[in-house]
Each structure stands twice: as structure tokens, then as C-alpha cells.
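Colleague: based on what follows, work out the 3D shape:
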Amino acid sequence: MKRLVSGRGSGFTLVELLVVIAIIGVLVGLLLPAVQAARESSRRSVCTNNLKQIGLAIHGHHDARKAFPRGSFGVYPGFSGNPWSGGNEYSWSWGALILPFLEDQVRYDNFNPYSQRLSDVPNGAGSIAQIYLNGAYPPFRCPSDAKAEATNTITGMNIKIGGSGSVSWKCPTSNYVANNTSCRSGPTGRFVNASSTSWQWGTAPAVNGIFWRDSAVTAKDITDGMSKTILVGEKAWKTNAALAFGTDNTNEQLTPRKSLGTAAEMLNNPAGGTYAYSSEHGGLVLFLFCDGAVRPVNDTIDHKPDNTYVSGTPTVTSLFERLCSRNDGQTTEVP
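Modeller: Residues are numbered from 1 along each chain as shown. Prediction:
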């Protein structure tokens with residue numbers, strides 16, 4: 001007669017199972033931050049490449065038209081009135097002007113920005129507005145900004161087009177704005193959107209950035225050096241992002257935020273920073289410099305954002321302001 005022998009089966013005990021689960025938890029805890037960091041590194045690389053392509057396109061415009069693109073259009077030939085009224089205010093921005101150099105000639109031809117005002121673009125079913133203005137535009141989008149919407153739905157950020165500004169239309173969101181100025185235009189202002197001869201409230205301060213309404217800055221105008229002057233920077237959705245192809249001049253100190261950036265507010269301003277450069281890269285913002293290089297700038301950089309112009313001349317007293325000024329004449333060490 002066979003004797004039954006008791007013994008342990010081949011399964012795990014409860015203690016062993018708990019130990020295995022704990023080990024797996026520790027491994028996941030160690031690996032997850034690395035995976036997330038790798039993903040952000042990849043997204044940051046895409047953003048960097050976007051800026052590089054924008055830089056090449058802006059320089060392509062400079063080669064073809066002998067100047068960097070204007071920040072936005074004022075009054076077109078054949079039209080009258082002020083840039084901030086009568087359909088002139090809803091204007092093509094620099095983003096539309098570099099489209100041929102981003103290999104998007106078809107969109108550019110339909111926009112026809114040097115001959116057709118943004119406010120006069122046909123709209124409705126199957127129109128240019130519906131096909132080319134109402135949707136995402138990946139070359140102008142940072143993949144780290146997951147909250148950004150395809151078209152900018154924030155109140156006041158739409159563009160009015162069709163029959164001299166009769167229809168409000170959503171336009172593609174952009175995470176990139178062009179360098180306007182290093183300082184405020186006045187005690188409450190944020191931008192300088194005009195030359196000294198075309199300012200809504202009289203004499204304008206000198207614009208020391210690269211882009212403003214009807215600007216035509218050339219490489220030789222950047223006397224501080226191409227490698228030491230910012231051309232384009234990031235702007236996150238959390239601070240209202242921007243628009244890819246248009247802006248408006250309704251308020252010359254405020255509305256240029258739709259296409260331009262300024263050093264008048266701190267980088268990644270926790271209080272909102274509607275007019276500031278910002279990003280979702282964690283403590284830094286990517287900037288395209290005039291020499292075509294893309295460099296990260298830490299948001300703790302030396303920066304005094306409260307300066308206003310004095311007697312028409314911007315006061316430049318901090319490192320970030322110097323990076324946003326093309327002609328302050330000061331020695332600058334790029335971080």
C-alpha cells in the first residue's frame with residue numbers, strides 16, 4: 001500500500017506574491033520618470049526642429065525680399081483709413097509671409113497676403129477661410145503643449161474676416177511668436193506695434209526688436225550680433241498661445257500678442273503672462289536666435305520686465321532684455 005506524502009505545491013505563497021508585486025511597483029516607480037523624460041526629450045526635439053524650420057523660412061524671406069518679414073500689415077495700397085479700423089486691423093502676420101519657405105506654396109497662394117487683406121478673405125462653405133484657416137497647423141505647434149487647441153477659441157483671439165471684418169473666424173493656434181521689443185510701450189502697454197511715424201497715440205517709442213507693424217528689419221540692422229538677438233520664441237496655450245497667420249491692430253499695445261512676443265513680462269509668468277514667452281518644457285523656454293540657432297533659456301534668467309521707454313529710447317538693463325534688443329550696444333553673454 002502506497003503512503004501519501006504531504007508537500008508544498010508549485011504555486012506562490014501569499015508572502016512571495018506580495019514581494020513580487022512590491023518589486024514590480026519599485027521598478028515601475030524607477031522606470032516611469034525615465035520614460036516620461038524620454039518622451040519630453042522627444043517632444044522638445046520636435047519643437048526645436050519646428051523653430052529651426054521657421055528660422056530657415058524667415059531667412060528665406062530675407063534672401064528673397066531683402067528683409068525679415070513684417071510683424072503684420074498696416075494699410076494696404078488702395079485702401080484708406082487707419083491700421084486699427086475699417087477692416088485694416090485684421091491683418092496677415094509674419095507667419096503667413098513665410099509659408100512659401102515652409103514648402104506650403106498652395107496655402108500662400110490662396111492667402112495671397114501681399115495683395116489681399118486678411119479681412120477680405122472669402123468665407124463660408126468650401127471657402128479659403130474654411131479650408132486654410134479653420135484647422136491645426138502642425139509646423140507652428142509644440143507637441144509638449146498638450147492643452148493647446150487646434151484653433152484658438154479664447155475670447156478675443158479670433159480673426160474677423162469677410163467683407164471688411166464682418167465674420168469672426170477661428171484661426172490655427174501657434175506656439176511661436178516673433179520678437180517685438182524688450183520693454184513696455186508705456187506705463188500700462190505691452191507692445192510697440194508701429195514705427196515712430198505711425199502710432200495711434202502720437203510719437204511711438206523706438207522699437208528695438210525685429211518685428212512690428214510694417215517692419216522691414218534687415219540683417220545689417222542687428223548691430224548687437226545675429227547670435228545674440230532673439231528672433232522667435234515659444235508661447236504656451238496657458239498664456240493664450242497665439243495665431244499662426246494673423247493678428248489685429250485694434251489696440252496697438254495689447255492685441256499684437258496674437259503674433260508677437262515681448263520681454264515686458266517674466267518668462268513662464270505664474271500670474272498669467274498673456275504677453276510673455278512661455279512653454280511646457282519645465283523651467284525653460286526655447287528661442288530661435290537670428291543666426292538660426294535654437295537655444296533653451298532658463299526662466300530664472302536675469303530679467304527686469306518692468307522697464308518702460310524714456311524719451312523714445314527703451315531702457316535695457318537685464319540679460320533677457322539685451323537678448324530681445326537688436327541694437328542696445330551692450331556686451332551680452334548668451335546663456
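
Colleague: ok, now which ones touch the nearest residue to Leu133 once chain neighbours are set aside?
Modeller: Leaving aside its sequence neighbours, Leu133 sits nearest to Cys171 (Cβ to Cβ, 6 or more residues apart in numbering; 5.2 Å). (Each C-beta comes from the backbone N, C-alpha and C, glycine too.) Counting by Cβ atoms under 8 Å, 6 or more residues apart in numbering, Cys171 touches Leu133, Asn134, Thr151, Asn152, Asn158, Ile159, Leu243, Ala244, Phe245, Gly246.

Colleague: A helix includes Asn49, no?
Modeller: Yes - judged by DSSP: H, G, I helix; E, B strand; the rest coil, Asn49 forms part of a helix.

Colleague: now do it against Val20, distance only.
Modeller: For Asn49, the distance to Val20 (Cβ to Cβ, to the nearest Å) stands at 43 Å.

Colleague: among the contacts of Cys171, name the buried ones.
Modeller: Buried subset of the contacts of Cys171 (neighbour count, 16 or more other Cβ atoms under 10 Å): Leu133, Thr151, Asn152, Asn158, Ile159, Leu243, Ala244, Phe245, Gly246.

Colleague: isn't the first one up against Trp169?
Modeller: In this case it means Leu133. Yes - taking contacts as Cβ atoms under 8 Å, Leu133 lies within contact range of Trp169: 6.0 Å.

Colleague: can you give me the helices for this structure?
Modeller: Under the criterion DSSP state H, helices of the chain are mapped to 14-65, 94-97, 105-111, 128, 319-324.

Colleague: adding mean pLDDT, write those out as a markdown table.
Modeller: Formatted as a markdown table, the helices of the chain follow (pLDDT from 0 to 100):
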| stretch | mean pLDDT |
| --- | --- |
| helix 14-65 | 84 |
| helix 94-97 | 97 |
| helix 105-111 | 96 |
| helix 128 | 86 |
| helix 319-324 | 95 |
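
Colleague: what's the closest of those to Asn251?
Modeller: helix 94-97 (19.0 Å; Cβ to Cβ).

Colleague: alpha carbons of that closest one, as PDB, please.
Modeller: Below are the C-alpha coordinates for helix 94-97, written out as PDB (Å, rounded to 0.1, in the frame of the first residue of the first chain):
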ATOM      1  CA  TRP A  94       4.700  87.200 -40.300                       C
ATOM      2  CA  GLY A  95       3.500  83.500 -40.200                       C
ATOM      3  CA  ALA A  96       1.600  83.900 -43.400                       C
ATOM      4  CA  LEU A  97       4.500  85.600 -45.200                       C
END
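
Colleague: any chance of the buried ones among the contacts of Cys171 in a markdown table, with distance to Ser115 and pLDDT too?
Modeller: Below are those laid out as a markdown table (distance: Cβ to Cβ, whole Å; pLDDT from 0 to 100):
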| residue | distance to Ser115 | pLDDT |
| --- | --- | --- |
| Leu133 | 17 | 85 |
| Thr151 | 25 | 79 |
| Asn152 | 25 | 74 |
| Asn158 | 23 | 68 |
| Ile159 | 18 | 73 |
| Leu243 | 21 | 91 |
| Ala244 | 20 | 94 |
| Phe245 | 15 | 94 |
| Gly246 | 16 | 90 |
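
Colleague: tell me which of these fall in strands.
Modeller: Per DSSP state E, strands hold the following members of those: Ile159, Leu243, Gly246.
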